[in-house]
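Peer 1: Sequence first, then the predicted structure, then my questions.
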2 protein chains.
Amino acid sequence: MAPLPSGVLGSLDSTSDRAVFRQIADQLREAIDKGRFKEGAKLPSESELVERFGVSRMTVRNALSVLQGEGLVHSEHGKGVFVRPRPPVRRLASDRFARRHRDQGKSAFTVEAEAAGSRPEVDNLQVKEERPTRDIATRLGEPRKVLARRRRYLLDGRPVEFAASFLPLDIARDTPIAQPNPGPGGIYARLEELGHRLDHFDEEVRARMPTPAEVKTLHLAAGVPVIHLVRTAYDTEGRAVEVCDTVMAADAYVLAYQLPAN
Amino acid sequence: MAPLPSGVLGSLDSTSDRAVFRQIADQLREAIDKGRFKEGAKLPSESELVERFGVSRMTVRNALSVLQGEGLVHSEHGKGVFVRPRPPVRRLASDRFARRHRDQGKSAFTVEAEAAGSRPEVDNLQVKEERPTRDIATRLGEPRKVLARRRRYLLDGRPVEFAASFLPLDIARDTPIAQPNPGPGGIYARLEELGHRLDHFDEEVRARMPTPAEVKTLHLAAGVPVIHLVRTAYDTEGRAVEVCDTVMAADAYVLAYQLPAN
DNA sequence: CCTGACCACTCGTCTATACGAGTATGGGTG
DNA sequence: CACCCATACTCGTATAGACGAGTGGTCAGG
């Protein structure tokens, strides 16, 4: 057992009314913030902290769970507790669906990932017809049935996002859009070929903690929220032609928008 | 002690390899999802759950802390654990800074809140000159000093957002912008009067768990992430004239953007 | 040299107990 | 009737102990 670096952690203030486990969490947080524990570094083990602070193990675990909830650290069974490294973030520009980006043979995700030096993958591809949920139906103008396209995106093997596109069946049925691979430029290029010239997109952005299912699909660590993005595509006649519902690991993304001042 | 409604919760599967506290969390989550515990309703107390499932109190607390981390419930000392009500969300439209919204005597926040039937407040107003951080300096074109305007926004007494605006001092010094109340239309109106006609805004959106300071400022419950928005305003000459750094309670907001298809 | 058993260390789960502190309620007292 | 206080409930904090399970190293034996 390597000795704890001296001076990294202070001592507890028994006169303080701040709970002991919070004081321990505070000290560890400060040490991490100041870089005394670097990204990916292992924190002292629970038993070391028990000894160091003279408290019981549950108190130490309580402190560590605070830091986990903040997304600062993550634990690995049998190994230790580590400072959570910040993964490279993918920047989503607001012009990413602009027509001029649509002439490639590959999907926008693939092109962009390769440009950034990452290995992109698409996963769980699923295309089927189904009854829309209440919300989707409202956004799409109450179609009876929709074509749903679901997929998961990974970068260097790490899942970062999954998405479901919904299109009114009268638009998408028996078109390349109903194929697993819709071809170069993606479904937006196909929509325009089918005569639905796109006018604009509406995007709604929310952030929240993931559901257990989302934790599983995106392999999310504790303390990582998700960004929930719902995009609706409108053609030049004002008809909603697609809704895309996307859930992203929040630590892997920054969304960038450009707004006119009018 | 009121008897537990029968049939709301099932029993544990001791043959399952799923941890007991997770099974309890699963059952409570399902009951909440299915509306068997409504928004704001009180869950069975810890001791009731201890009895109900025949486990120790720490196991029950562990299960409840899972749900807290998911933002599903919150506990109140001395009262109980409650299903977290979803507060009304404030919708931020991407045209909220458009020139046409700027002719009011009140701030955009105030106008919008009153229209939605809420009581708006602005708080902690602070205006001072300071040295920019590395990030702010980069975005503003390396000014030596900046004017910083900080404030907190509340709706019906609940803090929902705090923001700091930074402007290069050569633009803002000795102007109405350096006053606590910059006047009708806000600082964007003043900037234009000073000859900085606004061209567009860049917004970067991130989501993450709050720092302890942010928890305090926004009175955040456990399991509520924050949306971190950094907006840069550019004038028609391409100069960055303001950076606004905003942290919002994620459960109080949905951001709406409209993107052209080009 | 490789393999497998063992062991030490890690975190994960769970029990049982204790006391403190915040909240609500009801009943007794003034 | 109004107030205060005792009380019983709530969750918060902390201890001590036990066993399980994943990881990685050492070391003996093939």
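Peer 2: Done, it's in.

Peer 1: Distance from whichever strand or helix holds A:Glu161 to the middle of the chain?
Peer 2: A:Glu161 belongs to strand A:158-168 when assigned by DSSP states H and E. Remark: strand A:158-168 is offset 12 Å from the chain centroid, using C-alpha atoms, centre = their mean, to the nearest Å.

Peer 1: repeat for stretch A:198-218
Peer 2: That offset, for stretch A:198-218, works out to 8 Å (C-alpha atoms, centre = their mean).

Peer 1: So it, near DNA strand C or not?
Peer 2: No. Contact between stretch A:198-218 and DNA strand C is absent, the nearest approach being 13.1 Å (criterion: C-beta under 7 Å from any atom of the strand). Yep, even glycine has a C-beta here, placed from its N, CA and C like the rest.

Peer 1: That stretch near chain B anywhere?
Peer 2: Yes. On the criterion C-beta under 8 Å from any C-beta of the partner chain, stretch A:198-218 is in touch with chain B at A:198-212.

Peer 1: List the contacts of the nearest residue to A:Ser107 once chain neighbours are set aside.
Peer 2: Nearest non-adjacent residue to A:Ser107, counting by C-beta to C-beta, 6 or more residues apart in numbering or on different chains: A:Gly186, 5.6 Å away. Neighbouring residues of A:Gly186 by C-beta atoms under 8 Å, 6 or more residues apart in numbering or on different chains: A:102, A:107-108.

Peer 1: between the residues you listed, which is nearest chain B?
Peer 2: A:Arg102 (9.2 Å; C-beta to the nearest C-beta).

Peer 1: returning to that earlier point: following element in sequence after the strand holding A:Glu161, please.
Peer 2: Heading C-terminal from strand A:158-168 (DSSP H and E), you reach helix A:169-172.

Peer 1: how much distance is there from that next one to the middle of the chain?
Peer 2: For helix A:169-172 - counting by C-alpha atoms, centre = their mean - the centre lies 30 Å from the chain centre.

Peer 1: For the buried ones among the contacts of A:Gly186, write the corresponding PyMOL selection.
Peer 2: In PyMOL, a selection of the buried entries from the contacts of A:Gly186 looks like this (16 or more other C-beta atoms under 10 Å in any protein chain shown):
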select buried, chain A and resi 102+107+108
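
Peer 1: Just send the contacts of A:Gly186 back as CSV, with pLDDT and distance to B:His219 too.
Peer 2: Formatted as CSV, the contacts of A:Gly186 follow (pLDDT from 0 to 100; distance: C-beta to C-beta, whole Å):
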residue, pLDDT, distance to B:His219
A:Arg102, 72, 45
A:Ser107, 75, 43
A:Ala108, 77, 40
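
Peer 1: what about the strands in the stretch 151-262 of chain A?
Peer 2: With DSSP state E, counting those that start in this stretch, the ranges of strands along the stretch 151-262 of chain A come out as A:158-168, A:198-208, A:226-235, A:240-249, A:253-260.

Peer 1: Can I get those strands in JSON lines including mean neighbour count, distance to A:Arg86 and mean pLDDT?
Peer 2: Formatted as JSON lines, these follow (neighbours: other C-beta atoms under 10 Å in any protein chain shown; distance: least, C-beta to C-beta, whole Å; pLDDT from 0 to 100):
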{"stretch": "strand A:158-168", "mean neighbour count": "21", "distance to A:Arg86": "13", "mean pLDDT": "96"}
{"stretch": "strand A:198-208", "mean neighbour count": "20", "distance to A:Arg86": "17", "mean pLDDT": "96"}
{"stretch": "strand A:226-235", "mean neighbour count": "22", "distance to A:Arg86": "16", "mean pLDDT": "97"}
{"stretch": "strand A:240-249", "mean neighbour count": "23", "distance to A:Arg86": "12", "mean pLDDT": "97"}
{"stretch": "strand A:253-260", "mean neighbour count": "19", "distance to A:Arg86": "12", "mean pLDDT": "94"}
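
Peer 1: Throw those strands into JSON lines and include distance to B:Tyr257, thanks.
Peer 2: JSON lines is the format used below for these (distance: least, C-beta to C-beta, whole Å):
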{"stretch": "strand A:158-168", "distance to B:Tyr257": "17"}
{"stretch": "strand A:198-208", "distance to B:Tyr257": "5"}
{"stretch": "strand A:226-235", "distance to B:Tyr257": "9"}
{"stretch": "strand A:240-249", "distance to B:Tyr257": "14"}
{"stretch": "strand A:253-260", "distance to B:Tyr257": "5"}
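
Peer 1: Out of the ones you listed, which gets nearest to DNA strand D?
Peer 2: DNA strand D lies closest to strand A:158-168 among the strands of the stretch 151-262 of chain A, at 17.3 Å (C-beta to the nearest atom of the strand).

Peer 1: so what does that closest one touch, helix or strand wise?
Peer 2: helix A:134-140, strand A:146-155, helix A:212-218, strand A:240-249 (3 or more C-beta pairs under 8 Å, 6 or more residues apart in numbering or on different chains; DSSP states H and E).

Peer 1: coming back round to it: just so I know, which of the strands of the stretch 151-262 of chain A lies nearest B:Glu51?
Peer 2: strand A:198-208 (32.6 Å; C-beta to C-beta).

Peer 1: So what touches the closest one?
Peer 2: Outside of strand A:198-208, the residues within contact range by C-beta under 8 Å, 6+ apart are A:97, A:99, A:188, A:191-192, A:225-236, A:238, A:241, A:250, A:255, B:71, B:89, B:205, B:207, B:225-227, B:250-251, B:253-261.

Peer 1: now with 7 Å?
Peer 2: A:97, A:188, A:191-192, A:225-236, A:250, A:255, B:71, B:205, B:207, B:225, B:227, B:250, B:254-261 (C-beta atoms under 7 Å, 6 or more residues apart in numbering or on different chains).

Peer 1: for stretch A:9-24, same thing?
Peer 2: A:27, A:31, A:49, A:52-53, A:55, A:59-60, A:62-63, A:66.

Peer 1: and with 8 Å instead?
Peer 2: By C-beta under 8 Å, 6+ apart, stretch A:9-24 touches A:26-28, A:31, A:44, A:49, A:52-53, A:55, A:59-60, A:62-63, A:66.

Peer 1: Also stretch A:157-169?
Peer 2: By C-beta under 8 Å, 6+ apart, stretch A:157-169 touches A:87, A:90, A:119, A:121, A:123-124, A:129, A:132, A:136, A:140-141, A:143-154, A:177, A:187, A:217-219, A:241-249, A:252-253.

Peer 1: re earlier: kindly reformat the contacts of A:Gly186 as CSV containing distance to DNA strand D and secondary structure.
Peer 2: As requested, those are exported to CSV (distance: C-beta to the nearest atom of the strand, whole Å; DSSP: H, G, I helix; E, B strand; the rest coil):
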residue, distance to DNA strand D, secondary structure
A:Arg102, 43, coil
A:Ser107, 34, coil
A:Ala108, 36, helix
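
Peer 1: which one of the contacts of A:Gly186 is nearest A:Asn181?
Peer 2: Distances from A:Asn181 to the contacts of A:Gly186, taken by C-beta to C-beta, are shortest for A:Ser107, at 9.1 Å.

Peer 1: can you give me the offset of stretch A:156-173 from its chain's centre?
Peer 2: For stretch A:156-173, the distance to the chain centre is 15 Å (C-alpha atoms, centre = their mean).

Peer 1: Send me it as CSV with only the CA atoms.
Peer 2: Extracted C-alpha coordinates of stretch A:156-173, given in CSV (Å, rounded to 0.1, in the frame of the first residue of the first chain):
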residue,chain,number,x,y,z
ASP,A,156,-14.2,4.8,-30.8
GLY,A,157,-16.5,2.1,-29.5
ARG,A,158,-18.2,4.3,-26.9
PRO,A,159,-21.9,4.9,-27.4
VAL,A,160,-22.6,8.6,-27.4
GLU,A,161,-26.1,9.1,-28.8
PHE,A,162,-29.2,7.2,-29.9
ALA,A,163,-31.9,8.6,-32.0
ALA,A,164,-35.2,7.8,-33.5
SER,A,165,-36.6,9.5,-36.7
PHE,A,166,-40.3,9.4,-37.4
LEU,A,167,-41.8,10.2,-40.8
PRO,A,168,-45.4,10.1,-41.9
LEU,A,169,-45.9,6.9,-43.7
ASP,A,170,-47.5,8.5,-46.7
ILE,A,171,-44.2,10.2,-47.3
ALA,A,172,-41.8,7.5,-46.5
ARG,A,173,-43.4,4.2,-47.5
